[in-house]
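Chemist: Sequence first, predicted coordinates after that:
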Amino acid sequence: MTITYSVKTGTETMSQRLASLLEPLGGMAGLIKPGDQVLIKPNLVAPFPHAVTDLDLLTSVVEQVRDCGGKPVIGESSGFEFDTETTFRILGINDLASRLDVKLINFDKEEFVSVELAGLKGHMVKIPKIVLEVDKFINMPKLKRHSLTKATVGIKNLFGLLDLDSRRRIHAFGLERGICALGQTIVPDLVIVDGSVVTTRAVYGEQTRLNLLAASKRITAMD
């Protein structure tokens, strides 16, 4: 099965929902092996809870990675308009990381390396070096509408890996073209989509509750 879905209907916990969601994909244990370094990238684009990945879901992913013997790390960089450290603080991400005893990385302060976008010869972008060093990469986008791309799901969430100059250049030569190339350049091992609340724009706008989770090992299938 390529994609699995879960719509909250009862009193199950987030951890139970996540386990059921991943079961058709082989479960978390089918992906994470003892000793694996695992980068988990939520969407923490702005200091507004409705616009970011659900923290209960993020907590459950961290805990289940660790239960499999993996070594989780959370990493993110916020959007252009927002300071990442301030966003972390307002959302309570620092407290969450401390409580879970998991390393939290502000990509803005990391060492970046240059990679060429797949299918776009000569177009280079910079990504955190840790992306190339970890054993597994779990992408956790927040499902939302987007004023430029109509929707933001798995591939668009990869923009949080890029340094700000790379983001500007991708917008300049064609956002959708750049998104397509980015999704072929950085390939997550697992995509878990938070569709609990969906906004009509990436950060602002009206909110609709869907209570939806989705997962796939193929980012293009998910999008």
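Modeler: Nice, I can see it. Worth saying up front: this structure is predicted, and the values here are computed from it rather than measured.
Chemist: In three-state terms, label Ile127 for me.
Modeler: Following DSSP: H, G, I helix; E, B strand; the rest coil, the label given to Ile127 is strand.
Chemist: which ones are touching the most centrally placed residue in the chain?
Modeler: Taking C-alpha atoms, centre = their mean, the centroid of the chain lies closest to Met140, which sits 3.0 Å from it. For Met140, the contacting residues are 40-43, 53, 57-58, 61, 157, 191-194, by C-beta atoms under 8 Å, 6 or more residues apart in numbering. (C-beta placed from N, C-alpha, C; glycine too.)
Chemist: pLDDT at it, what is it?
Modeler: In this model, Met140 is scored at 98, pLDDT.
Chemist: ok, back up a step: just among the contacts of Met140, which is most surrounded?
Modeler: Asn43 (28 neighbours; other C-beta atoms under 10 Å).
Chemist: And it, how far from Phe159?
Modeler: Distance, Asn43 to Phe159, by C-beta to C-beta, to the nearest Å: 10 Å.
Chemist: Show me the contacts of Met140 that map onto helices.
Modeler: Residues of the contacts of Met140 located in helices (DSSP state H): 57-58, 61, 157.
Chemist: which one of these is nearest Lys33?
Modeler: For the ones in helices among the contacts of Met140, the minimum distance to Lys33 (C-beta to C-beta) is 16.1 Å, reached by Val61.
Chemist: The closest one contacts Leu190, doesn't it?
Modeler: No. Using C-beta atoms under 8 Å as the test, Val61 is too far from Leu190 to be in contact (9.0 Å).
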